[in-house]
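> for reference, the sequence and a predicted model appear below.
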Amino acid sequence: MNLVVRYANPNDFDQILRLNEELVHFLSPLTKEKLEQLHNQSEIHQVVSEDEKIYAFCLALREGKDYDSVNYRWFSDHYPRFLYVDRVVVDIDYQALGLGKLLYEEVFKHARNTNVPIVTAEIDIKPPNPVSLKFHERYGFKEVGQQKVADGKKIVSLQVLEL
């Protein structure tokens, strides 16, 4: 494969929505309108692609955005400067090939280059997402809180990586 990491554009939105829907049980649902809003507010909105096919994407936002995510708001209430990883999604058929790592390396590089001291993320712990927990643990993310989301149907671990 000849994969590239590049910034997303509106022509990518249909494939991004398809990938999000594949893993929506670990993510929040995403409509085209919501994706457009996140894209416009994002600090990072990148895809891993080959030619026109998208295999993974990442959306990350800085503090101070008008984003209604309860997890983003939690980090906003607790940290003055951060880069919030809203979602990293890898096509089910291409997981465990290092695509998530590629995207996270871009997140860390961007945070360092812009002097952002903290990268934040949340991971489902009820229902559990052990792959994501292990992935974040390898990078040194630490839990700083938990909260119920989705009307109490989920519990997330709020995690921080200090750079």
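Right, received. Where do you want to start?
> can you pull the contacts of residue 142?
159-161 (C-beta atoms under 8 Å, 6 or more residues apart in numbering). Bear in mind the C-beta positions are built from the backbone N, C-alpha and C, glycine included.
> am I right that residue 93 is in a helix?
Yes. The assignment for residue 93 is a helix, going by DSSP: H, G, I helix; E, B strand; the rest coil.
> ok so, going back, can you list which of the contacts of residue 142 are found in strands?
Among the contacts of residue 142, the ones falling in strands (DSSP state E) are 159-161.
> for those, give me CSV that also has pLDDT and neighbour count.
Output for those, formatted as CSV (pLDDT from 0 to 100; neighbours: other C-beta atoms under 10 Å):
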residue, pLDDT, neighbour count
159, 98, 24
160, 98, 19
161, 98, 21
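> put together a markdown table for those residues, with distance to residue 33 on each row.
Below are those laid out as a markdown table (distance: C-beta to C-beta, whole Å):
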| residue | distance to residue 33 |
| --- | --- |
| 159 | 28 |
| 160 | 30 |
| 161 | 31 |
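> picking that back up, quick check, nearest of the contacts of residue 142 to residue 120?
The closest of those to residue 120 turns out to be residue 160 (C-beta to C-beta; 5.4 Å).
> what sits against residue 57?
Counted by C-beta under 8 Å, 6+ apart, residue 57 has contacts 8, 12, 16, 19, 45-48, 87-89, 103.
> now do residue 144
Contacts of residue 144 by C-beta under 8 Å, 6+ apart are 78, 158-160.
> ranges for the helices of this structure?
13-22, 32-41, 70-78, 99-113, 130-139 (DSSP state H).
> appreciated, that's everything.
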